[in-house]
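Student: Structure of the sequence below:
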Amino acid sequence: MKSLFYSRFFILLPWVLIVIIVIDIDTKRSSVRNTANFYLSRLGNAPRPDRAVRTTSAVNRTALPVIYAVTPTYTRAVQKAELTRLANTFRQVPRFHWIVVEDSSAHTELVSRFLARAGVQSTHLHVFTPRRFKRNGMPRATEQRNAALGWLRGHRSLNDAGVVFFADDDNTYSLELFEEMRSTRRVSVWPVGLVGGRRYERPIVEQGKVVGWYTGWRADRPFAIDMAGFAVNLKVILDNPRALFKRRGAKPGMQESDFLKQITKVEDLEPKAHNCTQVLVWHTRTEKVNLGNEPKRHLDSVFIEV
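Tutor: I've put the predicted structure just below:
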């Protein structure tokens, strides 16, 4: 009798365990669903946090002053490479307008195509530099920067909030720099790396005021600063319609001083980048390319834009 009981018990035992496991799993699923439904019902009438963040961010961005970056450029082997590096940076800056001015009598196809695909809001200008001003020892990109200033004065008004920055195409820019300059009230300044034969040049700041210049060249300049080392509020540009970069009587390295003297004083400069102790822009330049083998070798039958 006992052997019969045990034999039936062991036959039924696996089935009993299976039933218990199935019931337990179903109970847990039901509990999870009920818990999820409870919290979802609690959140049903609440705004989605991610949507709220995106909306707030969009509103804040439209309130930002526009940064107008002026980039003179000219036809050369590394031109597209330089512009590509800049575009990859500028594309990440909110409220940004790129004014690209070619040293040319007309828009070139290379720059026109590039800007059309760059993904950056831009204005494409051109002005030709007379050959007599292209000699060694003459300031460069004067006509191009002045053309950009003329465009701003003709297309923007005092109601437009903005900051103007002269962004040469042979520099490298940190994204932090644009957040620093955006709060410029009149004229702001900061250090520039790899310039003047030194690791960096910078304004010397004491008690929040610029009192001198740490530089490797002509420390006696009124503003011993690189073109990439300052930004100007758009209203200052519009309030001073005669302020331009000088061609006649100007010397290389003095354009910054000649221009800034027309719109500000040293004691009124606004130090940025941790009181001018942080480098956020570098005058890197692109290495001069060696194309010596181009005329010595058979040229490709396919034209490829470089």
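
Student: which intervals of the chain have sub-threshold pLDDT?
Tutor: Within the chain, the set of residues satisfying pLDDT under 70 comprises 1-59, 249.

Student: which residue is nearest the centroid of it?
Tutor: residue 90 (3.5 Å; Cα atoms, centre = their mean).

Student: the strands in the stretch 201-306 of the chain, which residues?
Tutor: According to DSSP state E, counting those that start in this stretch, the stretch 201-306 of the chain carries its strands in the segments 209-214, 230-233, 270-271, 281-282.

Student: still on that earlier bit, check the spacing between the residue nearest to the centre of the chain and residue 99 real quick.
Tutor: Using Cβ to Cβ, to the nearest Å, residue 90 is found at 11 Å from residue 99. Just so you know, the C-beta spots here come from the backbone N, C-alpha and C atoms, and that holds for glycine as well.

Student: list residues touching both of the two?
Tutor: By Cβ atoms under 8 Å, 6 or more residues apart in numbering, residue 90 and residue 99 have these common neighbours: residue 69.

Student: picking that back up, next up, phi/psi of the residue nearest to the centre of the chain, please.
Tutor: phi -60, psi -30 (degrees, to the nearest 10).

Student: Report the spatially closest residue to it, excluding sequence-adjacent ones.
Tutor: The shortest distance from residue 90 to any non-neighbouring residue, by Cβ to Cβ, 6 or more residues apart in numbering, is to residue 120 (4.9 Å).

Student: Thought residue 95 was touching that neighbour, still the case?
Tutor: No - under the criterion of Cβ atoms under 8 Å, residue 120 makes no contact with residue 95, lying 11.6 Å away.

Student: and residue 236, how many residues sit next to it?
Tutor: Residues within reach of residue 236, counting by other Cβ atoms under 10 Å, total 17.

Student: Kindly report the same for the one 5 residues further on.
Tutor: For residue 241, the tally of surrounding residues (other Cβ under 10 Å) stands at 10.

Student: Kindly report the same for the one 5 residues further on.
Tutor: Applying other Cβ under 10 Å, we find 17 residues neighbouring residue 246.

Student: helices or strands up against the helix or strand hosting residue 151?
Tutor: Using DSSP states H and E, residue 151 sits in helix 142-155. Applying 3 or more Cβ pairs under 8 Å, 6 or more residues apart in numbering; DSSP states H and E, we find helix 142-155 packed against strand 66-73, strand 96-102, strand 122-126, strand 162-166, helix 234-239.

Student: Run the chain-centre distance for the first one.
Tutor: A distance of 10 Å separates the C-alpha centroid of strand 66-73 from that of its chain, computed with Cα atoms, centre = their mean, to the nearest Å.

Student: which secondary structure elements does it contact?
Tutor: Packing contacts for strand 66-73, counted by 3+ Cβ pairs under 8 Å, 6+ apart, involve helix 79-90, strand 96-102, helix 142-155, strand 162-166.

Student: What of the last one?
Tutor: Judged by 3+ Cβ pairs under 8 Å, 6+ apart, the packing partners of helix 234-239 are helix 142-155, strand 162-166.

Student: Let me have these in a markdown table, extended by mean neighbour count and distance to residue 60.
Tutor: Shown next, in a markdown table, are those (neighbours: other Cβ atoms under 10 Å; distance: least, Cβ to Cβ, whole Å):
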| stretch | mean neighbour count | distance to residue 60 |
| --- | --- | --- |
| helix 142-155 | 18 | 24 |
| strand 162-166 | 25 | 17 |
